[in-house]
Each structure stands twice: as structure tokens, then as C-alpha cells.
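**Q** Pasting the sequence and the predicted model now:
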Amino acid sequence: MMRAFENYSKNSKGPVAIEAYTMVAPYTSMHETICRLAQDNLVPLIILPFHENHQCLVGPSMTSPIRQFNQNVQAFSRCTVGILVDRGLCCWLRSSNFSSIVAVFFIGGPDDREALAYASRMADNPDVCITVFRIVVWNSNKEGNEEETEQFKLDESLINEFKLRNLGNDRLNWHDIEVDDYNMSLRDEEMKDFIQNPELGMIGDVLASSDFCGGMVNVLVMQESRELGFGAYHNDSIKESTTQECRCTLI
């Protein structure tokens, strides 16, 4: 694994620094050490493997501690946490022109803004093709409160920045999907009873299920830190130049 990251560092089009750490700790307290290490190194993103990724290798008895560890990191981390549902690379999804094809689902809110901010960085890579699906929800029977209005303004500000930054980028596609007069919100508390993996959220749980594209796509679910909001969006990474050094901390 280290060789793969070292090769990535050498072949990256921008400067990438790799730092490796070895840690031995029980799952019950491992999240505290990792989160503190990330905070000390000003790491804006922690990526964790989904607990079911390697169930065939470690067995079902190990997936429960891994799942609890992921949830602990999400709760304790002061930076953005991404959970990677690794389905493997599907050759039939590849294109002769792009090594990676990425879809971003944007409904709104801090987590979605974080995902869009990282997608903006990925759009600088000539080997990445990105399609953004923005779900625009309109409901004439629902009055928006002050917090929803503020969140909408933040969403619009980032979207405008994203579009302006990617003018002329033929590797980027944007689709607005309008939904009118809905009677039930995906954020309703009652919907949580139907979620199999709450650490992925309601939308992430659907995308990670075998019913979505036959379970043949990789899914990265982003959760912004609720405490400090330290991530790509709050660090203005959407505006940063790709010449700045990218730090990768491996544990």
C-alpha cells in the first residue's frame, strides 16, 4: 500500500507529500489518537474504509468493531470525514479518455457543500470527468425558516463559484433536477428507521446499496465536522491553486 501512495506522490501533477505513521491501539480508543493526529497536522479530510468492504477477508466478527470505529471518528473528528464504499474498479465504466468518472449528488447543506468543494479540486485533473446532479427541491406548502434561508444562500454562493471556476471545462457536466410540491422530506426523523447504515446518512445509504447500479460503483460519503467546520469548503480549497502542496497522512 505504501508503494502505491509513493508512486502517486511521484507521478502526481501537483506536489504531494506522504507521511506514514504506525499505531497500535484498541478499536475502542483508536479514533481519539487518529483525530488528534489529524488535528495536529491540519488534515482537512479523513477517509475511512466502509466496514463491509473487506468482510470476506476479516469475517463478520471484525466488521462490528470497524463500524463502531468509523462512527467514533465521525463523532470525534474536527475535520471532514469521508467513508469509502469500495466496490472495486469496473472496467465497463471506464472511458478511453478519462481514468475516473465521478458523479456528485448535491441537495444542499454543509455535507453537500464539502463534497462539491472537493469535486472542484478533482475537476483540475485532466483525467477526471465529473457530472454534478443538483436536486432542487421546491415546496409551496412549506415555509423556510431563517436557518434554511442561510443554508440556501451558502449553497448558491458555492455553486456560483464552482460554475465560474469551471467555465470552459468540457470534462464537467451539470444537471439541475427540480422536484415540486413534495409531501415528505428526506431529512425527516421518521426516515431514519429505514436506514441500514446510519453512518452513511440517508442518501449515502441508498447509493451504497446493491440496488443502486447493481452495487457496481464506488461511493464516497462526506460528513463535515459539526464542531469547527474544518474542511475543503471552509478552507477555501475551491479557490486554491493546484500548485499548493497536498499532504497525505497515512496511519
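**A** The structure has been received and is ready for your questions. Numbering: from 1, shown residues only.

**Q** Can I get stretch 5-13 in PDB, CA atoms only?
**A** The C-alpha atoms that make up stretch 5-13 are tabulated as PDB, following Å, rounded to 0.1, in the frame of the first residue of the first chain:
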ATOM      1  CA  PHE A   5       1.000   6.000  -2.300                       C
ATOM      2  CA  GLU A   6       4.700   6.700  -3.100                       C
ATOM      3  CA  ASN A   7       4.000   6.100  -6.800                       C
ATOM      4  CA  TYR A   8       1.100   8.500  -6.600                       C
ATOM      5  CA  SER A   9       3.300  11.100  -4.900                       C
ATOM      6  CA  LYS A  10       6.000  10.800  -7.600                       C
ATOM      7  CA  ASN A  11       3.500  10.800 -10.600                       C
ATOM      8  CA  SER A  12       1.100  13.400  -9.300                       C
ATOM      9  CA  LYS A  13       0.800  16.600 -11.500                       C
END
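
**Q** per-residue confidence averaged over it?
**A** Averaging pLDDT along stretch 5-13 yields 76.

**Q** Show me where the protein has its strands.
**A** Counting by DSSP state E, residue ranges of the strands within the chain are 16-20, 45-49, 80-85, 100-106, 128-138, 172-180, 219-223, 246-250.

**Q** Dump these into CSV; add distance to Pro65 and mean neighbour count as well.
**A** To be clear about C-beta, it is placed using only N, CA and C from the backbone, and glycine gets the same treatment. Putting the strands of the chain into CSV (distance: least, CB to CB, whole Å; neighbours: other CB atoms under 10 Å) gives the following:
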stretch, distance to Pro65, mean neighbour count
strand 16-20, 23, 13
strand 45-49, 13, 18
strand 80-85, 15, 22
strand 100-106, 30, 18
strand 128-138, 34, 17
strand 172-180, 39, 12
strand 219-223, 20, 22
strand 246-250, 21, 15
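
**Q** Rebuild these as JSON lines, extending it with distance to Leu154 and mean pLDDT.
**A** Conversion of the strands of the chain to JSON lines gives the following (distance: least, CB to CB, whole Å; pLDDT from 0 to 100):
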{"stretch": "strand 16-20", "distance to Leu154": "30", "mean pLDDT": "79"}
{"stretch": "strand 45-49", "distance to Leu154": "19", "mean pLDDT": "90"}
{"stretch": "strand 80-85", "distance to Leu154": "16", "mean pLDDT": "92"}
{"stretch": "strand 100-106", "distance to Leu154": "12", "mean pLDDT": "92"}
{"stretch": "strand 128-138", "distance to Leu154": "14", "mean pLDDT": "90"}
{"stretch": "strand 172-180", "distance to Leu154": "18", "mean pLDDT": "91"}
{"stretch": "strand 219-223", "distance to Leu154": "15", "mean pLDDT": "91"}
{"stretch": "strand 246-250", "distance to Leu154": "25", "mean pLDDT": "53"}
